[in-house]
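need the 3D shape of this:
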Amino acid sequence: MAPIKVVVNGATGKMGMETVAAVSAEDGLELAGAVCQRERGPVLTLSGGANVPLSTNLADMLEQTRPDVLVDFTNATACMEAAPAAAGRSIHLVLGASGLTEEHLNQLDAMANDGNIGVIVAPNFALGAVVLKRLLEQAAPYFEYVDIIESHHEAKIDAPSGFAMALAKAIGDQRKFQRNVPERENLPGTRGGDYNGVSIHSIRMPGRSAHHEVILGTAGQTLTLRHDTLGRDCYMPGVIRCIKDVVTRKGLVVGLENILGL
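From the prediction side, this is the model:
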């Protein structure tokens, strides 16, 4: 069986570099090309010494390499510029870009249907994070209060994180939770963001990777669920799974849990 040919968009970013290494090392996958924002020359040299084509022009790279899958680790704007270029060429999509909105997801759904391709969007590719989300969905009906505390490195472009919003929507779209409103707020915004009563707090500082903690409360007790990302390598099994899965699918899938069957 021929290997699945992959192009990585955002290949020189932190997640992109991890993905390039993981795809290169995986049996059954072929790293066909890499795309970055800033000019770095015509080739990307891998850790083993091999070279793959590198370009700042995504459309040219897709025409040159004709991949089966485009993996995107950029931002919402760049991702939504890349997606039509791939979908128009019947290239499947695995998207981990930050900041995708409901409107973006509707557009991606239409692209998947029109192009007869698979599109997987994952706010988080870590297995432990996906398990946290599933546990939260099971526990939430028994509690009245929910706070989500997420922390990332100081250079993260959005707040809250896409995964924190996914957690809030997973439970906050089903019901409205209770949320304390103090008689006097000495500093505006201290209680955090409000999503249907779910309070969301974002921390941004050096030394952080990706950390999500959910505290659920009811009379006389609290329950705390927490996931810590200690290295970006934890995302790679999920990314590889999505690449291998997306070529067998048609339509849009949101969330790694729907690929894993959780």
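
tell me the contacts of Leu58?
Neighbouring residues of Leu58 by Cβ atoms under 8 Å, 6 or more residues apart in numbering: Asn9, Val35, Glu81, Ala82, Ala85. Yep, even glycine has a C-beta here, placed from its N, CA and C like the rest.

need the max-distance pair from these.
The distance between the two most remote of those (Cβ to Cβ) is 11.3 Å, for Val35 and Glu81.

more neighbours: which of those two?
Comparing Val35 with Glu81 by other Cβ atoms under 10 Å, the one with more neighbours is Val35, at 27 against 14.

that one contacts Ala11, doesn't it?
Yes: here Val35 reaches Ala11: they are 6.0 Å apart, a contact under Cβ atoms under 8 Å.

hmm, back to that, just the ones of the contacts of Leu58 in helices?
If you go by DSSP state H, those have Glu81, Ala82, Ala85 in helices.

which one is the last one nearest to, not counting chain neighbours?
By that I understand Ala85. Spatial nearest neighbour of Ala85, chain neighbours left out: Ala59 (5.2 Å); criterion: Cβ to Cβ, 6 or more residues apart in numbering.

distance of the one you found relative to Thr65?
Between Ala59 and Thr65 the distance is 11 Å, computed by Cβ to Cβ, to the nearest Å.

repeat for Thr229
As judged by Cβ to Cβ, Thr229 and Thr65 stand 31 Å apart.

which of the three states applies to the residue of the chain positioned farthest from its centre?
For the chain, the C-alpha farthest from the mean C-alpha position belongs to Glu183; by Cα atoms, centre = their mean, that distance is 37.8 Å. Three-state assignment for Glu183 (DSSP: H, G, I helix; E, B strand; the rest coil): coil.

if anything else comes up later, I'll come back, but that's it for now.
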